[in-house]
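> Below is the sequence, then the predicted model.
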Amino acid sequence: MGRRWSQRRRDRRVTPEGRYGEVVIDEIEPDLHRVLSADPLARHLGIEWELIRPGHARAGLTVDDRLLNPVGTGHGGAVMALIDVVHAAVSNSHGTLAVAQDVHTEFLAPSRRGDRLICDGVEVHRSTRTAVYRIEVTAEPADGGQGRLVATALARVFRLGTPWLSADSGSVPTSSQAPTPGHAHTG
């Protein structure tokens with residue numbers, strides 16, 4: 001029998017029907033969470049994880065001077081990097097290596113210095129070989145003003161069938177098992 005990559009816990013919160021009550025929340029194994037949240041680019045850019053669960057990931061990034069374009073608004077590359085980091089986590093959150101096939105992004109509004117960008121990725125469809133995710137980036141202004149949708153993306157991955165962690169050691173796949181860098185979302 002294969003290893004379970006998620007754990008279930010019960011929590012009291014508002015249910016999808018709008019009632020307060022007990023819901024079951026899946027959580028990923030701590031070793032998988034550690035690997036997926038240790039993305040070097042995320043660390044370099046200052047991306048902070050809010051959650052990684054099976055089929056759902058959320059992270060935030062504050063737009064500072066390093067992340068501005070020459071026009072003075074948030075750089076589209078920084079927004080794309082945030083989307084890609086969240087896409088990597090959500091698409092690998094079931095414990096199976098996934099490689100990006102396509103990410104279609106629509107930029108809807110500029111971000112500005114001081115904005116807190118929140119990127120939320122959710123699973124729309126998953127089969128044994130492919131999966132699709134909807135990813136949205138919203139900006140929360142530093143002055144507490146009205147938030148706005150900055151970008152939305154639809155992303156697809158190919159699922160390799162290779163477990164992220166070996167069942168006995170909790171280690172990540174070796175380089176011979178993992179896809180080549182730059183072509184995989186390997187968190």
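That came through fine. Note that the structure is a prediction, hence the values are computed from the model and not measured.

> which regions of this structure sit below the pLDDT cut-off?
1-26, 167-187 (pLDDT under 70).

> could you pull out the strands for it?
Remark: strands assigned in the chain by DSSP state E are 6-14, 20-28, 48-53, 56-62, 96-107, 116-126, 130-140, 148-163.

> Could you pull up the contacting residues of residue 115?
Neighbour list for residue 115: 62-63, 74, 139-142 [criterion: Cβ atoms under 8 Å, 6 or more residues apart in numbering]. All C-beta spots, glycine's among them, are computed from the backbone N, C-alpha and C.

> nope, residue 63 is what I was after
74, 78, 111-117, 139.

> Determine which two of those are furthest apart.
Farthest-apart pair in the contacts of residue 63 is 78 and 114; separation 13.6 Å (Cβ to Cβ).

> quick one: which of these two has more around it?
More neighbours surround residue 78 than the other of residue 78 and residue 114, with 21 against 14 (other Cβ atoms under 10 Å).

> looking at it, the more buried one is touching residue 67, isn't it?
Yes - assessed by Cβ atoms under 8 Å, residue 78 is found in contact with residue 67 at 4.2 Å.

> hey, what's in contact with both of these two?
With Cβ under 8 Å, 6+ apart as the test, residue 78 and residue 67 both reach 45, 61.

> In the protein, where's the longest helix?
Longest helix in the chain, counting residues (DSSP state H): helix 76-91.

> and that one, what does it pack onto?
For helix 76-91, the elements it packs on are helix 40-45, strand 48-53, strand 56-62, strand 96-107, strand 116-126, strand 130-140, strand 148-163, judged by 3 or more Cβ pairs under 8 Å, 6 or more residues apart in numbering; DSSP states H and E.

> What strands line up against the second one, and which way round?
Using DSSP bridges, the strands paired with strand 48-53 in its sheet are strand 56-62 (antiparallel).

> check contacts around residue 52.
Contacts of residue 52 by Cβ under 8 Å, 6+ apart are 28, 33, 36-37, 89-90, 93.

> quick one: which of those is nearest to residue 102?
residue 90 (14.9 Å).

> Distance to residue 83 added to the strands of the chain, as a markdown table?
Below are the strands of the chain laid out as a markdown table (distance: least, Cβ to Cβ, whole Å):
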| stretch | distance to residue 83 |
| --- | --- |
| strand 6-14 | 23 |
| strand 20-28 | 20 |
| strand 48-53 | 14 |
| strand 56-62 | 10 |
| strand 96-107 | 6 |
| strand 116-126 | 6 |
| strand 130-140 | 5 |
| strand 148-163 | 5 |
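
> Out of the ones you listed, which gets nearest to residue 85?
strand 56-62 (6.3 Å).
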